[in-house]
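*Asks:* here is a sequence together with a model predicted from it:
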Amino acid sequence: RLSLYDELGEDSRPEANGGCTPVWGVPRAPLIVFFSSDQGATFLNPIEVWNSSGACLSNNSSDGYNQELSYPAISQRNDGDLEIAFTLHRRAIAYVRIPASEFNEAP
């Protein structure tokens with residue numbers, strides 16, 4: 001489809017050309033955080049932040065068809081805990097706090 005918001009009708013913005021080819025309709029879930037202690041050579045101790053079907057076949061979020069988890073942002077607090085925010089089903093912003101004790105434990 002031409003635009004993420006094609007269901008909204010006419011759009012006066014120019015079409016984007018070049019870059020990558022978008023992929024639509026693939027599941028966007030679960031949202032998982034992995035940890036690496038060797039500069040990214042391996043990733044262990046996955047923590048599932050949130051799960052859903054991940055369906056993203058519609059831009060219509062009001063009917064509940066869209067179950068995607070998207071646009072995650074993560075930051076670490078001074079106490080070591082992780083704060084994660086992401087778009088939940090294109091309806092809201094979800095917030096999850098993961099205590100440092102959960103990811104500092106050995107596998």
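*Replies:* Thanks, I have it.
*Asks:* which element is residue 33 on?
*Replies:* Here residue 33, judged by DSSP states H and E, is contained in strand 31-35.
*Asks:* partners of that strand in the sheet?
*Replies:* In the sheet, strand 31-35 lines up against strand 44-50 (antiparallel) (DSSP bridges).
*Asks:* show me the contact partners of the strand it pairs with.
*Replies:* 29-37, 69, 72, 84, 86, 88, 94, 96, 98, 102-103, 105, 107 (Cβ atoms under 8 Å, 6 or more residues apart in numbering). (Each C-beta comes from the backbone N, C-alpha and C, glycine too.)
*Asks:* mean confidence for the strand holding residue 33?
*Replies:* For strand 31-35, the mean per-residue pLDDT is 92.
*Asks:* and the contacts of strand 44-50, which are buried?
*Replies:* When those are checked for burial by 16 or more other Cβ atoms under 10 Å, the buried set is 29, 31, 33, 69, 84, 86, 88, 94, 96, 98, 103.
*Asks:* now, those residues that are in helices?
*Replies:* residue 103 (DSSP state H).
*Asks:* burial count for residue 44?
*Replies:* Residue 44 sits with 12 neighbouring residues when counted by other Cβ atoms under 10 Å.
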